[in-house]
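**Student:** structure, please.
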Amino acid sequence: MGQALTDAVARRYERYFRDREPVPFEVVTRDGVTHAFGVTATAPPRFSLVIRDDVGHRALRSLDQLQVALAYLHGHLDVEGDLATALTMRRFFSDVHPIAFLARWAPALLHGRRDHDRRSISRHYDEESEFFLTFLDSRHRCYTEGVFAHDDEALEDAVTRKLDLALEAVQVGPGDRVLEVGGGWGAFAEHAARRGVRVTTVTLAAESERFLTRLFAREDLPVTVVREHFLRYTAAEPFDAIVNMGVTEHLPDYRATLRAYARLLRPGGRVYLDALAMRRKQHLSTFFKKHIYPGNSAPLLLHSYLRQVARSPFELLNLEDDRHNYFLTCRAWAQRLDARRDEIIARWGEPLYRRFRIFLWGSAAGFETGLVQAYRWSLRHAPAHPA
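**Tutor:** Residues are numbered from 1 along each chain as shown. Next up is the predicted model:
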C-alpha cells in the first residue's frame, strides 16, 4: 500500500515538473519511512508531507486537492517546513468536483441570492472578532491590503498609508458624508471619522455589526452602522463619496453594483475600491469555495468590470497594481497567525487555526506566483455619461 502511494506521487511529480522548476520535498509515511522527491545533495527538501493515519494516507494517495486539504485541516496530514512553498504547488493535485460546483449555486437559487450572500458572508466573518485581531494590524484592524513603501515596512504603517490614499482618492473632508461598503472591524470608518468625516458603514456580518456599534459608541465617533445588503440599502440623500475595500469580490454582479453606486452618490462624487482579482471568475479551488468563502463570492474579473464601467455613468480615474502589496500583507498576517498558534488553538480549536493557516499562506503564495492579482482604483460619478 505504501509503494502504491509513492509510485502515484512519483508519477505525478514527473509530469507536473516536466516544464516547471522542480521543488524538492519528502513524504513521511505512517510508519516513519521517508520518501524523497526531487531531493539531491544540492537541493534539500523544502517541506515534508507527514502522514498521521490511514485517512491521511488515503487522502494523499488520491492526489485530490480537496481531500488533501481536508486531511490537513483535521490533522490526518501535516506539513512540516515551508508551507508557503507547498501551497504554490496546489495544481500538483487535481481539483475536479462538478457536484460540489453545482451544490455551491443551489442555495442561491432556492433561497434568493441576497439572503444566500448574508449566510455565506457570515460563514467567514462571524468568527469572534478577537480571533481576527490575533493576526490583523494592531493599529487599524484592516482586513484588506496595506500599501508598502518597502518590503520591510511595518504592516501598521502600510495600512495607515492605504487609508490615507483612500481618503485622498475620494476627496472628502470634515462634514462630508461617506458610505462604506463592508465595515469589517472599523479600519476606514474610524480613520475617516477621526478627521471629521461622517461615515455610514454597511455590513452583512452580525459579529461585525456588534463590534462596530460598540467601538463607535465608546469612541463617540460620527459613524452609523447598518446591517443590510449593500444592493438593498437606501438613503434619504446622496453621499459625497463611497469607499469599498475588498468587497467587490462579494458583489460579482458588476452592473447592479455600479447602478447602486450611481443611485447613492451625488454627481461628481467619487468611489474608491480595491479587490483581489483573477483572470477567470470561477478559478478558485473547491476547498476555498467550500471552507473559506462559500457562496457567490468571486475574485474581480478586471476586463469584465471595466466593460461595465464603460456602460455606466462613471469614469475611471486611475488603476494601480496592488499584487505585491497584497502578498506582503498576507505574509504578515500568516506570520502573525503562526506566532499566536498556541493561543488560537486553546481558544478556538486547531481546525480554525489550520483553516486560516491554509487561507493566509495560500493567499500569499497565490499573489507571489501571480496566480492571483490585486488592484486599487477610483471612479467619478459623471451622470452626463450614458447609463
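**Student:** which residues touch A8?
**Tutor:** 61, 63 (Cβ atoms under 8 Å, 6 or more residues apart in numbering). C-betas here are computed from N, CA, C, even on glycine.
**Student:** before we move on, which element is it in?
**Tutor:** Applying DSSP states H and E as the criterion places A8 in helix 2-16.
**Student:** okay, now I242: neighbour count?
**Tutor:** For I242, the count of nearby residues is 24 (other Cβ atoms under 10 Å).
**Student:** over to R11?
**Tutor:** Considering only other Cβ under 10 Å, R11 is surrounded by 11 other residues.
**Student:** same check on L319?
**Tutor:** 13.
**Student:** please name the nearest non-neighbouring residue to it.
**Tutor:** Among residues not flanking L319 along the chain, W377 sits closest, at 4.4 Å (Cβ to Cβ, 6 or more residues apart in numbering).
**Student:** what's the neighbour count on that neighbour?
**Tutor:** Residues near W377, counting by other Cβ under 10 Å: 22.
**Student:** and the biggest helix by length in the chain, C-alpha only, in CSV?
**Tutor:** When the chain is parsed with DSSP state H, its longest helix is helix 350-369. Extracted in CSV, the C-alpha atoms of helix 350-369 (Å, rounded to 0.1, in the frame of the first residue of the first chain):
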residue,chain,number,x,y,z
GLU,A,350,-7.0,23.6,15.9
PRO,A,351,-9.3,23.2,12.9
LEU,A,352,-9.9,27.0,12.8
TYR,A,353,-6.1,27.7,13.1
ARG,A,354,-5.4,25.2,10.3
ARG,A,355,-8.2,26.6,8.1
PHE,A,356,-6.9,30.1,8.3
ARG,A,357,-3.3,29.0,8.0
ILE,A,358,-4.1,27.4,4.6
PHE,A,359,-6.0,30.5,3.7
LEU,A,360,-3.4,33.1,4.6
TRP,A,361,-0.3,31.3,3.5
GLY,A,362,-2.1,30.1,0.4
SER,A,363,-3.2,33.6,-0.5
ALA,A,364,0.4,34.8,0.0
ALA,A,365,1.6,32.1,-2.4
GLY,A,366,-1.1,33.0,-4.9
PHE,A,367,-0.1,36.6,-5.0
GLU,A,368,3.6,35.8,-5.1
THR,A,369,3.3,33.5,-8.0
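**Student:** just checking, next helix/strand downstream of it?
**Tutor:** Helix 350-369 is succeeded, C-terminally, by strand 373-381 (DSSP H and E).
**Student:** biggest strand in the chain by residues?
**Tutor:** In the chain, taking DSSP state E as the definition, the longest strand is strand 265-277.
**Student:** list the buried ones in whatever helix or strand comes next after it?
**Tutor:** Remark: after strand 265-277, the chain's next helix or strand is helix 286-291, criterion DSSP H and E. Residues of helix 286-291 classed as buried: 286-291 (neighbour count, 16 or more other Cβ atoms under 10 Å).
**Student:** flag the shaky bits of the stretch 51-200 of the chain, pLDDT-wise.
**Tutor:** Scanning the stretch 51-200 of the chain with the threshold set as pLDDT under 70 gives 97-126.
**Student:** ok so, going back, give the contact list for the residue nearest to L319.
**Tutor:** 273-274, 316-320.
**Student:** tell me which of the residues you listed fall in strands.
**Tutor:** Reading strands off these with DSSP E, I get 273-274, 316-320.
**Student:** tell me what the helix or strand where D240 lies is packed against?
**Tutor:** Using DSSP H and E, the element containing D240 is strand 239-245. In terms of contacts (3 or more Cβ pairs under 8 Å, 6 or more residues apart in numbering; DSSP states H and E), strand 239-245 is packed against helix 155-170, strand 177-181, helix 187-193, helix 254-264, strand 265-277.
**Student:** could you check the angle strand 373-381 makes with the fourth one?
**Tutor:** Note on geometry: by axes from the mean of the first three to the mean of the last three Cα atoms, to 10 degrees, helix 254-264 and strand 373-381 are set 40 degrees apart in direction.
**Student:** over to the shortest one?
**Tutor:** Angle of strand 177-181 versus strand 373-381, following the same axes, to 10 degrees, is 150 degrees.
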